[in-house]
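1. this is a predicted model, with the sequence first.
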Amino acid sequence: METFPRADERSRMVEQQIRARGITNPRVLDAMREIPRHLFVPPPHTSSAYIDAPLPIGNGQTISQPYIVALMTDLLEPRPEDRVLEIGAGSGYQAAILARLVRQVTTIERIHTVADLARKNIASLGLKNVSIIVGDGTEGYRESAPYDGIIITAATPQIPPPLIDQLDEGGILVAPVGGRDIQELIALKKHHGKTVQSSHGGVRFVPLIGEYGWTDT
Ligand code: SAM
């Protein structure tokens with residue numbers, strides 16, 4: 001992949017915000033260094049793209065804090081041969097990071113205009129292994145299941161049961177689970193049809209709206 005402008009800011013972001021907080025997976029750090037986050041942050045916040053915070057992307061939605069993107073990516077334990085499902089495409093940034101690390105990324109977004117933004121951003125990088133679907137991601141996407149990894153990038157009151165069904169044996173699901181305002185970051189592993197969960201700290205995400213998420217109020 002070509003080197004995009006603002007590489008120095010990305011290097012600082014990786015060292016000060018991500019490696020300093022304990023993430024050491026070199027593949028994840030390289031992807032965070034490569035993908036130009038500023039292309040995913042619309043005006044008027046583009047100049048702030050490398051700060052240590054989530055930022056608005058329009059339609060009341062956000063691009064997550066860089067450290068949280070890196071942490072969730074690391075928890076997925078991405079391998080080059082993996083197929084990953086993301087719920088909540090947003091700007092497409094998380095999908096672009098994953099696209100550098102795994103074989104295929106399918107990402108679902110419920111808001112048409114936001115999905116269009118993600119499509120435009122992904123296309124501008126020339127990434128060919130990302131499919132963007134419009135729909136209710138709480139139902140998953142059976143057409144390309146099962147998945148080695150599933151990542152939910154919106155706050156959910158529970159892990160939607162269809163997503164556990166669509167996770168392959170040995171697969172990992174990462175999600176912010178809890179209340180509408182504050183959640184716990186959960187990593188769930190599926191072994192012999194059973195699931196084992198671990199907790200990775202408090203987070204704040206916009207709500208997952210859908211059949212197995214929150215209602216749109
Ligand atoms: N991953 C995104 C990125 O890299 O920019 C950030 C995701 S943003 C925090 C959460 C996104 O989830 C929003 O764009 C929102 O519209 C979407 N969303 C909420 N409920 C959804 C659902 N049921 N299915 C698909 N997308 C959903």
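-> All right, it came through fine. Keep in mind it's a predicted model, so treat the numbers as computed, not measured.
2. going forward, measure contacts between C-alpha atoms and count neighbours the same way
-> Noted.
3. now the helix ranked longest in the chain: mean pLDDT?
-> With secondary structure taken from DSSP state H, the chain has its longest helix at helix 112-124. In this model, helix 112-124 carries a mean pLDDT of 97.
4. run the chain-centre distance for it.
-> Between the centre of helix 112-124 and the centre of its chain there are 15 Å (C-alpha atoms, centre = their mean, to the nearest Å).
5. how about the most centrally placed residue in the chain, what does it touch?
-> Among the residues of the chain, the one closest to the centroid is residue 94, at 4.0 Å (C-alpha atoms, centre = their mean). By C-alpha atoms under 8 Å, 6 or more residues apart in numbering, the contact set of residue 94 is residue 69.
6. quick check, it in a helix?
-> Yes. If the criterion is DSSP: H, G, I helix; E, B strand; the rest coil, then residue 94 is within a helix.
7. quick one: pLDDT of it?
-> Per-residue pLDDT puts residue 94 at 98.
8. for it, give its distance to residue 163.
-> According to C-alpha to C-alpha, to the nearest Å, residue 94 stands 18 Å off from residue 163.
9. contact residues of the protein facing the ligand?
-> Counting by C-alpha under 6 Å from any ligand atom, the chain comes close to the ligand at 61-64, 87-94, 108-111, 135-138, 153-154, 205-210.
10. PyMOL command for the buried members of the residues you listed?
-> Buried members of the residues of the chain next to the ligand, defined by 16 or more other C-alpha atoms under 10 Å, are picked up in PyMOL with:
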select buried, resi 61+62+63+64+87+88+89+90+91+92+93+94+108+109+110+111+135+136+137+138+153+154+205+206+207+208+209+210
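11. ramachandran angles for the most far-flung residue of the chain relative to its centre?
-> The outermost residue of the chain, judged against the average C-alpha position, is residue 192 (25.9 Å), by C-alpha atoms, centre = their mean. When quoted as degrees, to the nearest 10, the phi and psi of residue 192 stand at phi 50, psi 40.
12. same check, this time on residue 60
-> phi 70, psi 10.
13. neighbours around it, how many?
-> For residue 60, the tally of surrounding residues (other C-alpha atoms under 10 Å) stands at 7.
14. rewinding a little: so which elements touch the longest helix of the chain?
-> For helix 112-124, the packing partners by 3 or more C-alpha pairs under 8 Å, 6 or more residues apart in numbering; DSSP states H and E come out as helix 93-99, strand 130-134.
15. just say which of the ones you listed is most tucked in.
-> Highest mean neighbour count among the helices and strands packed on helix 112-124 (mean count of other C-alpha atoms under 10 Å): helix 93-99, with a mean of 27.
16. next SSE after that helix?
-> Heading C-terminal from helix 93-99, the first helix or strand you meet, by DSSP states H and E, is strand 104-109.
17. list the neighbouring strands of that next one plus their orientation.
-> strand 83-87 (parallel), strand 130-134 (parallel) (DSSP bridges).
18. now the last one against helix 112-124, angle please.
-> So that's strand 130-134. 170 degrees (axes from the mean of the first three to the mean of the last three C-alpha atoms, to 10 degrees).
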